[in-house]
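1. Just need the structure, nothing else, for what follows:
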Amino acid sequence: MRKALLPIIIIVVTSLLLVRIFYLQVVNDTFKLKSENNAIKIKYDYPERGYIYDRYGKLLVANQPSYDIMVIPRDLKKIDTTEFCLLLNITKEYFSERMAKAKIYSPRLPSVFLPQLNKLEYAAFQEKIRKFEGFYIQKRSLRDYQISAGANVFGSITQVSEKEVAKNPYYNSGDFIGKQGVEESYEITLRGVKGVKYIQKDKFNREIGSYKEGKYDTIAVQGEDINLSISAELQKYGEELMINKRGGIVAIEPSTGEILALVTAPSYDPALLVGRQRSRNYTKLYNDSIAKPLFDRGLLGEFPPGSPFKILTGLIGLQEKVINEQTTFMCNHGFSYARGRFMKCHGSGPHQLFNGIALSCNSYFGNVYMKIVNKYVRPESAVNIWSNHVKSFGLGQFMGYDLPTGKKGKVPTGKTYNRMYPGWHWDSKTIVSNAIGQGEVLMTPIQLANMMATVANRGYYYTPHIIKKIKGELIDPKFRIKHQTTVDIKYFDPIIEGLFGVFNYPGGTGNALQVKGIDICGKTGTAENFAKINGKRTKLQDHSIFVAFAPKDRPRIAIAVLVENGYYGARNAGPIAVLMIEKYLKGKISRTDLEKRMFEVSLLSEYDKYFKSSVDSLLIPKTGTNTEENIEN
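-> Model (predicted):
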């Protein structure tokens, strides 16, 4: 038996090899195709990208025809380069540079020589293309924006980099790919599948027909259309309200987590990043290191949340049972919490939970926070418990939304303060500024909006997302998962009553912002703002913050507005928030007084004060660490 084993193995292996060779040579011509590619020309048929619509079906992004001049260096014959360059209005230096790049990529594969010709340029070149062997025209499509708003939401289309070509075999040099926004997040869905045609050539390099009668050819498949969750009208209105201001607006539908508006200011017309001028325009936007129009403040701006954070301080205080609705603290324009340390406030007299929120009393919430920390023997353990409560609202972490950029903010833990105060006994008095959102906490506007959506839902949220529908596909199921907070549902109603009192209680910080017929719950905020000027930490004008949801019952919109250097919360952020709410719920504006003022307000002079003095950082402000100087208005 052993003597027969070796011959049996040899026979079996030989049989397998023969079967494989037969399959490759007779059944499957793929390798033959590759071996003959010196006599085969590959042409790609690029599909249209999928169209983009808003939540109501309004067309936002379509396509327009474009023409690229392609070159196959090996096929290039001697041509009149002077005539060629004059025809296309390019320099000989550009010609040499592009040819060198094409040869490096591949002498026998097509490369983009000159992209995105318009119809007139295409017609002029097509008329004389026979004189320039080795060049041909590839038809593509470019984006055609139907609105001038939403650039940060859409992203843009650009040519793939060499690294992307090396990493992903689908792409070839000169192909387009989505960058930023939904164009990047949903690239595979939107791009479709390009078709391939194999053209046989004779020994004179002339095309003689399809290889194998088109056996290996594939047809292009158009990209799928998508519906975004944003309202085009609301997005446009938000960008108009933020003209001559800097900051972000994020609006969310609480019952679904769908993003209704995602505004960053300043912004730009998305059409600037289409066509032959794309590179020049992008460079100009990128190099604007002062206004930073490419910086999405709604997703990337990390700010001290200011007084809106008192909402969480109150909720955690109730959950930890260190207060109830009747717990009273005295305020004498602030309170003294340690020898020589005083937290200022604009109010006075006794405060309970309701008017503590409605009047935004620093003293009330400073006391609540200290009670939370003092409940436990070790402050490190207390802060960890507090931190876990805060994080259950989606804070201090990447939220998992379907946009390719973002920041996770900051929620300190016990370890944070052990590092900050090594060898020193810190306690609730050391970190009391967390109570009013002026400690080590940092939040992005989308996190603030999601926090309000969570409060509107009485204790849960859905991961915010920009997609509403994909033709022929299901959206990611993670956007249907309910995230529950660590705070019991019963504690939300008293907080919501206080938020309603912001508008309706005498002296409430948003009393002047009421909108007839809409029950709005909200919270004003003023966040201290520091930057380095000539190497020195300098206090700048406060950021204006406002968070809200409406209606009070069965809320349909939750919103966060942050206006950099916008003074106190009710001055600029508050009016913008209520106008956005009314626009979404009613489709028209009754508070035309607020609208007129917001359209006219310009904060450019505020920005000029500091940026002319070599500000190192304003877009990502430094937190007002453990300071008690801020007074909420």
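2. Ramachandran angles for the closest residue to D519 other than its chain neighbours?
-> Nearest residue to D519, sequence neighbours excluded (Cβ to Cβ, 6 or more residues apart in numbering): K552, at 4.0 Å. To be clear about C-beta, it is placed using only N, CA and C from the backbone, and glycine gets the same treatment. Here is the backbone geometry of K552 (degrees, to the nearest 10): phi -60, psi -40.
3. what's near enough to touch K552?
-> For K552, the contact set (Cβ atoms under 8 Å, 6 or more residues apart in numbering) comprises I496, F500, D519, I520, C521.
4. The second one in helix, strand or coil?
-> Per DSSP: H, G, I helix; E, B strand; the rest coil, the local secondary structure of F500 is helix.
5. from memory it sits against I518, does it?
-> No. The criterion here is Cβ atoms under 8 Å, and F500 misses it with I518 at 11.5 Å.
6. more neighbours, the two?
-> Between F500 and I518, counting by other Cβ atoms under 10 Å, F500 is the more crowded of the two (19 against 16).
7. Now do G57, the pLDDT please.
-> With respect to pLDDT, G57 scores 96.
8. and the gap between it and H465?
-> From G57 across to H465, the span is 18 Å (Cβ to Cβ, to the nearest Å).
9. Same drill for these two, tell me which one is more crowded.
-> Per other Cβ under 10 Å, whichever of G57 and H465 has more neighbours is H465, with 24 against 8.
10. if I look at K128, how far off is I188?
-> K128 is 39 Å from I188, by Cβ to Cβ.
11. I meant to write A570 there.
-> For A570, the distance to I188 - Cβ to Cβ - is 45 Å.
12. between the two, which one's more packed in?
-> A570 (25 against 12).
13. Run through the residues that contact that one.
-> By Cβ under 8 Å, 6+ apart, the contact list for A570 reads T509, G510, A512, L513, T524, F546, N633.
14. looking at those residues, which has the most residues close by?
-> Busiest of the contacts of A570 [other Cβ under 10 Å] is F546, holding 35 neighbours.
15. I figured that residue was touching I576, is that so?
-> Yes. Shown here, F546 and I576 form a contact pair, counting by Cβ under 8 Å, at 7.3 Å.
16. Could you report the pLDDT at the closest residue to G150 other than its chain neighbours?
-> Once flanking residues are discounted, G150 sits nearest to Q235: 5.2 Å by Cβ to Cβ, 6+ apart. Note on Q235: pLDDT of 98.
17. And Q235, how far from I10?
-> According to Cβ to Cβ, Q235 and I10 sit 72 Å apart.
18. what do you get for T485?
-> In terms of Cβ to Cβ, T485 sits 70 Å off from I10.
19. Strands of the stretch 501-633 of the chain, residue ranges please.
-> Using DSSP state E, counting those that start in this stretch, the strands of the stretch 501-633 of the chain run over residues 521-533, 536-550, 557-563.
20. of Q235 and I10, who's got more company?
-> When Q235 and I10 are compared for neighbours, Q235 comes out ahead with 26 against 10, by other Cβ under 10 Å.
21. Hmm, the more buried one is touching V263, no?
-> Yes. Counting by Cβ under 8 Å, V263 is a contact partner of Q235 at 6.6 Å.
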